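Trainee: Quick one, structure for this:
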Amino acid sequence: PASRSGSSLAHSAQGRPHPSAEWFRRLWSYLAGSKRAREALSLLADAWPLVPTNEGMVMPLSRSASVVSADSLPGPVKELLRSVGVPSLLTSLFQPDHDQAQAQAQAQPTRNQTRP
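Mentor: All right, here's what the predicted structure looks like:
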């Protein structure tokens, strides 16, 4: 398939015909919680682009792929990098989705609650 090129690949926000941003968030969340993540990444990295960008591309997971995490960069630096074609890591890729974060917050006891 064309998606196994090891190079960049376009993805759509709606997930058609390629995986959506949410799909990538779930993939990385799954990998982060896996005891065999290093093994899985070593198998997947060479065959599949795994790093989604804000520019709608999915880049290979390699040291030579130029993708920056621009969330904390000043605006002028972001614009400079964008102007020379450097893609930025999909915003909030490694943050839990809103529903999961809310469920975790509700499951944690507050200081005022007492346990039986």
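Trainee: now the helices: where do they sit in this protein?
Mentor: In the chain, the helices defined using DSSP state H lie at 21-33, 37-45, 75-83, 98-107.
Trainee: Where among those helices is average confidence lowest?
Mentor: Mean pLDDT is lowest for helix 98-107 among these, at a mean of 52.
Trainee: Could you double-check that Val51 lies in contact with Met59?
Mentor: Yes - the criterion here is C-beta atoms under 8 Å, and Val51 meets it with Met59 at 4.4 Å. Yep, even glycine has a C-beta here, placed from its N, CA and C like the rest.
Trainee: between the two, what contacts are shared?
Mentor: Jointly contacting Val51 and Met59 under the rule C-beta atoms under 8 Å, 6 or more residues apart in numbering are 65, 67.
Trainee: for Arg26, what are its contacts?
Mentor: Contacts of Arg26 (C-beta under 8 Å, 6+ apart): none.
Trainee: Now do it against Ser69, distance only.
Mentor: Counting by C-beta to C-beta, to the nearest Å, the gap from Arg26 to Ser69 is 19 Å.
Trainee: repeat for Ser42
Mentor: According to C-beta to C-beta, Ser42 and Ser69 sit 22 Å apart.
Trainee: got it, and Leu41?
Mentor: Distance from Leu41 to Ser69, by C-beta to C-beta: 18 Å.
Trainee: Pull up the gap between Pro49 and Val77, please.
Mentor: Where Val77 is concerned, Pro49 sits at a distance of 25 Å (C-beta to C-beta).
Trainee: quick one: which of these two has more around it?
Mentor: Per other C-beta atoms under 10 Å, whichever of Pro49 and Val77 has more neighbours is Pro49, with 25 against 12.
Trainee: wait, that one sits on Pro87?
Mentor: No - between Pro49 and Pro87 there is no contact, the gap being 11.4 Å when judged by C-beta under 8 Å.
Trainee: which neighbours do the two share?
Mentor: In contact with both Pro49 and Pro87: Met59, using C-beta under 8 Å, 6+ apart.
Trainee: Any idea which of the helices of the chain gets closest to Arg63?
Mentor: Closest to Arg63 of those, according to C-beta to C-beta: helix 37-45, at 10.3 Å.
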